[in-house]
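Visitor: Quick one, structure for this:
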Amino acid sequence: MGKETFYADGLRFECTGCGVCCKLAGGFVYVSDERIQTLAEYLELSLTEFTDTYLDIHENKYVLKSAGQACIFLENDVCKVYESRPEQCRTFPFWAGNLKSKYRWKLTLLECEGIGRGKLYSQAEIETIIKTQIQTENGPEPGSAARKKPEST
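Guide: Modelled structure (predicted):
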């Protein structure tokens, strides 16, 4: 039997669309190759247009640009690509760093009004979400779909 976690009985979460998680300064939203394609199509842009407009490079991996202290896709406190948002955004607040301890979860609760509401996620569901994330506290796992930006020709 594995170590019991503080969320053994599950955790409730429902996104309220408040946009606060899109304003958490100091972090990076890593974007997989597949999500870059999906977002470009969603916004009806070529890959080059999308990449030039919305992506930066951090440690040789694509990340979303910021607009000041917020995500570039946050407009009037609403995510303009919510239906196609990156995996890192889809899995918030169930990030490994937020789930390290009950204390860390309580800190996340102070930022996210959706915690404690809505659907009850079981421990198994939460652990599946963690395993499928492309982000960690330090960025994407080695070998993730994140890629180096092609050299200009």
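Visitor: separation between the most centrally placed residue in the chain and residue 62?
Guide: The centre of the chain sits closest to residue 88, judged by CA atoms, centre = their mean, with a distance of 2.1 Å. For residue 88, the distance to residue 62 equals 12 Å [CB to CB, to the nearest Å]. C-beta coordinates here come from the backbone N, C-alpha and C atoms, glycine included.
Visitor: Now do the strands in the chain.
Guide: Counting by DSSP state E, the chain has strands at residues 11-13, 55-58, 61-64, 66-67, 70-71, 74-75, 78-79, 119-121, 135-136, 139-140.
Visitor: How about residues contacting stretch 5-16?
Guide: 93-94, 99, 101-102, 105, 113-123, 125-126 (CB atoms under 8 Å, 6 or more residues apart in numbering).
Visitor: Go through those and flag which are in helices.
Guide: Of these, the ones assigned to helices by DSSP state H are 102, 105, 123, 125-126.
Visitor: Give me the PyMOL select line for the residues you listed, limited to the buried ones.
Guide: Only the buried members of the ones in helices among the contacts of stretch 5-16 enter the following PyMOL selection, criterion being 16 or more other CB atoms under 10 Å:
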select buried, resi 105+123+126
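Visitor: ok, which pair from the ones in helices among the contacts of stretch 5-16 is furthest apart?
Guide: 102 and 125 (18.3 Å; CB to CB).
Visitor: Mean pLDDT lowest where, among the strands of the chain?
Guide: When these are compared on average pLDDT, strand 139-140 comes out lowest at a mean of 42.
Visitor: re earlier: any shared contact partners between residue 88 and residue 62?
Guide: Common neighbours of residue 88 and residue 62 (CB under 8 Å, 6+ apart) are residue 30.
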